[in-house]
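Undergrad: For reference, the sequence and a predicted model appear below.
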Amino acid sequence: MQSQTDADARRSTNAADVDGKPVAGYQLDYVTSSKLPTPWATFAIHVFVDPGTGKEHLALTLGDVGSGAPVLARVHSECLTGDALFSQRCDCGAQLEASMRAIAEEGRGAILYLRQEGRGIGLVNKIRAYNLQDAGADTVEANERLGFPADMRRYDLCKPMLDHFGIFSLRLMTNNPRKVRALERLGLRVEERLPLQVNRNAHNEAYLSTKAVKLGHWLKGGQ
Ligand SMILES: Nc1nc2c(ncn2[C@@H]2O[C@H](COP(=O)(O)OP(=O)(O)OP(=O)(O)O)[C@@H](O)[C@H]2O)c(=O)[nH]1
Ligand SMILES: [Zn+2]
């Protein structure tokens, strides 16, 4: 029997995909902000709600991000296992930490924390995909065997978040060309693309290789 999570995940493929036409005027409701002290800096945390899905998306900002100068930025998709539980199966937690550190060092920047777990297939399916990976599938094949595309994320929800802060020009920390293309298609300027290669280890080596070979990520050193 299909779980609610499966149905929700599949339904969202029908919405604009990153490589499809972005939804014009994607709507997110800004709700509230507060302070978020972290080991590296005290960020401002901002919450947005997607009225269509009920999902709460977050932004962390530091300094005057609305001045017009390109903003050091990270667009990060949720990975509960990597971001909160120290999983070594991926590079997500280390990338989040590295980007928070970099922004703290610069004294100015923004992180969009998008609630699209497991490249959009949700936590339940990501854990199922891990089992398929342990049985020999790579990350793309595992998604496909579960009936999903390799990557179901959408980035058009970044636009209302960035508009809220008056950000239109980015220095983006990413290795993912699809993310850069998607943001540019939304009319944002990616002035610079900064690599974010951290925490390669025995557990995530195959995951990183698949990113490079099948998903075209800019990863040096055979990753
Ligand atoms: N389906 C699936 N998703 C995964 C797996 N490992 C990590 N993820 C998800 O992959 C996404 C990673 O997103 P980001 O950190 O934004 O990064 P990225 O698209 O890999 O590109 P970068 O900007 O270079 O980090 C998160 O949503 C994770 O939950 C996996 O094995 N299978
Ligand atoms: Zn991860």
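TA: Noted; the coordinates are in hand. Numbers count the residues shown, from 1 in each chain. Ligands and ions are numbered 1, 2, ... in the order given.

Undergrad: and the helix ranked longest in the chain, C-alpha only, in CSV?
TA: Scanning the chain for the longest helix, with DSSP state H as the assignment, gives helix 92-106. Extracted C-alpha coordinates of helix 92-106, given in CSV (Å, rounded to 0.1, in the frame of the first residue of the first chain):
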residue,chain,number,x,y,z
CYS,A,92,24.8,17.6,3.7
GLY,A,93,25.6,18.3,7.4
ALA,A,94,29.2,19.3,6.6
GLN,A,95,28.1,21.5,3.8
LEU,A,96,25.6,23.3,6.0
GLU,A,97,28.2,23.8,8.7
ALA,A,98,30.8,25.0,6.2
SER,A,99,28.4,27.5,4.7
MET,A,100,27.3,28.9,8.1
ARG,A,101,31.0,29.3,9.0
ALA,A,102,31.8,31.0,5.7
ILE,A,103,28.9,33.5,6.2
ALA,A,104,30.0,34.1,9.8
GLU,A,105,33.5,34.8,8.6
GLU,A,106,32.3,37.3,6.0
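
Undergrad: for it, packing partners?
TA: strand 56-62, strand 71-77, strand 109-114, strand 169-173 (3 or more Cβ pairs under 8 Å, 6 or more residues apart in numbering; DSSP states H and E). (Each C-beta comes from the backbone N, C-alpha and C, glycine too.)

Undergrad: Now tabulate these in a markdown table and tack on distance to ligand 2, mean neighbour count and mean pLDDT.
TA: Shown next, in a markdown table, are those (distance: least, Cβ to the ion, whole Å; neighbours: other Cβ atoms under 10 Å; pLDDT from 0 to 100):
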| stretch | distance to ligand 2 | mean neighbour count | mean pLDDT |
| --- | --- | --- | --- |
| strand 56-62 | 17 | 21 | 98 |
| strand 71-77 | 9 | 24 | 98 |
| strand 109-114 | 13 | 23 | 98 |
| strand 169-173 | 16 | 21 | 98 |
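
Undergrad: Provide the contact partners of the longest helix of the chain at residue level.
TA: 38, 40-41, 43, 60, 62-63, 72, 74, 76, 79, 81-84, 86-87, 109-111, 173, 194, 196, 198-199 (Cβ atoms under 8 Å, 6 or more residues apart in numbering).

Undergrad: filter those by proximity to ligand 1?
TA: Near ligand 1, judged by Cβ under 6 Å from any ligand atom, the entries from the contacts of helix 92-106 are H76, C79, L196.

Undergrad: how close does the last one get to ligand 2?
TA: The gap separating L196 from ligand 2 is 13 Å, by Cβ to the ion, to the nearest Å.

Undergrad: tell me the contacts of L172?
TA: L172 sits next to A73, R74, V75, K179, V180, L183, V190, E192, R193, L194 when contact means Cβ under 8 Å, 6+ apart.

Undergrad: Show me the helices in this structure, by range?
TA: Going by DSSP H, the chain shows helices at 4-13, 92-106, 123-134, 139-145, 158-165, 177-185, 205-215.
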